[in-house]
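Chemist: pasting the sequence and the predicted model now:
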Amino acid sequence: MNKVNVIEKFAQIDGYWNPAVVGALNGQEVKIVKFKGPFTWHHHDHEDELFYVVKGSFIMELRDKNIELNTGDFLIVPKGVEHRPNAAEEVWVMLFEPASMLNTGNVVNEFTKKTLKHL
(Lines give C-alpha, C1' and ligand atoms only; values in the text may rest on other atoms or scores of the structure.)
Protein backbone atom coordinates (compact mmCIF):
# COMPACT_ATOMS: atom_id res chain seq x y z
CA MET A 1 0.00 0.00 0.00
CA ASN A 2 1.55 3.27 -1.19
CA LYS A 3 0.19 6.77 -1.46
CA VAL A 4 -0.04 8.33 -4.91
CA ASN A 5 0.60 12.00 -5.65
CA VAL A 6 -1.54 12.73 -8.68
CA ILE A 7 0.28 15.99 -9.52
CA GLU A 8 3.62 14.13 -9.68
CA LYS A 9 2.03 11.45 -11.87
CA PHE A 10 0.63 14.05 -14.30
CA ALA A 11 4.19 15.37 -14.74
CA GLN A 12 5.06 11.95 -16.20
CA ILE A 13 2.33 12.03 -18.88
CA ASP A 14 3.62 12.58 -22.40
CA GLY A 15 1.30 14.22 -24.89
CA TYR A 16 -2.46 14.33 -25.06
CA TRP A 17 -5.02 11.52 -25.14
CA ASN A 18 -2.44 9.10 -23.74
CA PRO A 19 -3.99 7.65 -20.54
CA ALA A 20 -1.84 5.99 -17.88
CA VAL A 21 -2.88 3.76 -14.99
CA VAL A 22 -2.06 5.06 -11.49
CA GLY A 23 -4.11 2.62 -9.39
CA ALA A 24 -6.52 -0.29 -9.38
CA LEU A 25 -9.33 -1.47 -7.12
CA ASN A 26 -12.13 -4.02 -7.40
CA GLY A 27 -11.61 -4.58 -11.13
CA GLN A 28 -11.52 -0.84 -11.79
CA GLU A 29 -8.55 1.25 -12.85
CA VAL A 30 -7.73 4.80 -11.86
CA LYS A 31 -6.27 6.49 -14.92
CA ILE A 32 -4.95 9.94 -15.62
CA VAL A 33 -4.82 11.69 -18.96
CA LYS A 34 -4.16 15.13 -20.40
CA PHE A 35 -6.66 16.36 -23.00
CA LYS A 36 -6.39 19.09 -25.61
CA GLY A 37 -8.59 19.39 -28.65
CA PRO A 38 -11.43 17.05 -29.63
CA PHE A 39 -11.37 13.28 -29.03
CA THR A 40 -13.35 10.83 -31.15
CA TRP A 41 -17.09 10.20 -30.89
CA HIS A 42 -17.62 6.82 -29.19
CA HIS A 43 -19.59 4.88 -26.61
CA HIS A 44 -18.97 1.93 -24.31
CA ASP A 45 -21.46 -0.92 -24.64
CA HIS A 46 -20.98 -2.40 -21.15
CA GLU A 47 -19.17 0.15 -18.97
CA ASP A 48 -19.91 3.44 -17.25
CA GLU A 49 -17.06 5.95 -17.21
CA LEU A 50 -16.25 8.63 -14.61
CA PHE A 51 -14.34 11.79 -15.62
CA TYR A 52 -12.95 13.91 -12.74
CA VAL A 53 -11.30 17.24 -13.64
CA VAL A 54 -8.11 17.73 -11.64
CA LYS A 55 -7.00 20.90 -13.46
CA GLY A 56 -8.56 22.99 -16.22
CA SER A 57 -11.85 22.56 -18.04
CA PHE A 58 -13.40 20.77 -20.98
CA ILE A 59 -16.71 20.20 -22.70
CA MET A 60 -18.25 16.75 -22.73
CA GLU A 61 -20.10 16.72 -26.01
CA LEU A 62 -23.18 14.53 -26.14
CA ARG A 63 -25.45 14.15 -29.16
CA ASP A 64 -28.23 16.17 -27.49
CA LYS A 65 -26.27 18.66 -25.34
CA ASN A 66 -22.85 19.81 -24.11
CA ILE A 67 -21.74 19.71 -20.47
CA GLU A 68 -18.95 22.01 -19.26
CA LEU A 69 -16.68 20.52 -16.61
CA ASN A 70 -14.26 22.60 -14.55
CA THR A 71 -11.62 21.88 -11.90
CA GLY A 72 -13.23 19.80 -9.16
CA ASP A 73 -16.18 18.62 -11.27
CA PHE A 74 -16.89 15.05 -12.24
CA LEU A 75 -19.28 13.44 -14.69
CA ILE A 76 -20.38 9.84 -15.05
CA VAL A 77 -21.15 8.86 -18.64
CA PRO A 78 -23.47 5.83 -18.56
CA LYS A 79 -22.79 2.85 -20.78
CA GLY A 80 -24.22 3.19 -24.26
CA VAL A 81 -24.17 7.02 -24.30
CA GLU A 82 -22.23 8.43 -27.24
CA HIS A 83 -19.81 11.14 -26.12
CA ARG A 84 -16.74 13.14 -27.11
CA PRO A 85 -14.50 15.07 -24.71
CA ASN A 86 -13.24 18.34 -26.20
CA ALA A 87 -10.81 20.73 -24.49
CA ALA A 88 -9.88 24.16 -25.87
CA GLU A 89 -6.82 24.23 -23.59
CA GLU A 90 -4.88 21.53 -21.74
CA VAL A 91 -6.92 19.82 -19.04
CA TRP A 92 -5.91 17.13 -16.53
CA VAL A 93 -8.51 14.41 -16.02
CA MET A 94 -8.71 11.38 -13.75
CA LEU A 95 -10.79 8.47 -15.02
CA PHE A 96 -12.40 5.62 -13.09
CA GLU A 97 -13.36 2.71 -15.32
CA PRO A 98 -13.20 -1.08 -15.61
CA ALA A 99 -9.70 -2.41 -16.28
CA SER A 100 -10.87 -4.17 -19.44
CA MET A 101 -12.32 -1.00 -21.00
CA LEU A 102 -10.89 0.29 -24.29
CA ASN A 103 -10.49 4.08 -24.23
CA THR A 104 -12.27 4.51 -27.58
CA GLY A 105 -15.06 2.05 -26.77
CA ASN A 106 -16.80 0.89 -29.94
CA VAL A 107 -14.31 2.68 -32.24
CA VAL A 108 -10.75 1.71 -33.14
CA ASN A 109 -8.68 4.55 -34.63
CA GLU A 110 -5.55 6.65 -34.02
CA PHE A 111 -6.77 7.51 -30.49
CA THR A 112 -7.10 3.87 -29.43
CA LYS A 113 -4.65 2.71 -26.73
CA LYS A 114 -4.77 -1.06 -26.30
CA THR A 115 -1.90 -1.14 -23.79
CA LEU A 116 -1.57 1.53 -21.11
CA LYS A 117 1.52 2.65 -19.24
CA HIS A 118 1.44 2.05 -15.47
CA LEU A 119 2.95 4.93 -13.48
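Modeler: That came through fine.

Chemist: so in the protein, which strand runs the longest?
Modeler: Longest strand in the chain by number of residues (criterion: DSSP state E): strand 83-98.

Chemist: and that strand, what's buried?
Modeler: Using 16 or more other C-beta atoms under 10 Å as the burial criterion, the residues of strand 83-98 that qualify are 83-87, 91-97. C-beta here means a position set from N, CA and C on the backbone, and glycine is covered the same way.

Chemist: one more: stretch 21-31?
Modeler: 21-23, 28-31.

Chemist: tell me which two of those residues sit farthest apart.
Modeler: Val22 and Gln28 (12.0 Å; C-beta to C-beta).

Chemist: does Lys117 touch Gly15 like I think?
Modeler: No: using C-beta atoms under 8 Å, Lys117 is not in contact with Gly15; the gap is 11.4 Å.

Chemist: counting neighbours, go ahead and name the busier of those two.
Modeler: Lys117 (14 against 8; other C-beta atoms under 10 Å).

Chemist: excluding its backbone neighbours, what's nearest the residue nearest to the spatial centre of the chain?
Modeler: Taking C-alpha atoms, centre = their mean, the centroid of the chain lies closest to Leu95, which sits 4.6 Å from it. By the measure of C-beta to C-beta, 6 or more residues apart in numbering, the closest residue to Leu95 outside its immediate chain neighbours is Lys31, 4.3 Å from it.

Chemist: mind listing what the one you found touches?
Modeler: Lys31 makes contact with 19-22, 94-97, 116 under the criterion C-beta atoms under 8 Å, 6 or more residues apart in numbering.

Chemist: now do Asn70
Modeler: Asn70 neighbours (C-beta under 8 Å, 6+ apart): 53, 56-57.

Chemist: for these, pick the one with the most neighbours.
Modeler: For the contacts of Asn70, the largest neighbour count, defined by other C-beta under 10 Å, is 21 neighbours, found at Val53.

Chemist: list the strands paired with the helix or strand that that residue is a member of, with their directions.
Modeler: Secondary structure assigned from DSSP states H and E places Val53 in strand 49-55. Within its sheet, and counting by DSSP bridges, strand 49-55 is paired with strand 74-77 (antiparallel), strand 83-98 (antiparallel).
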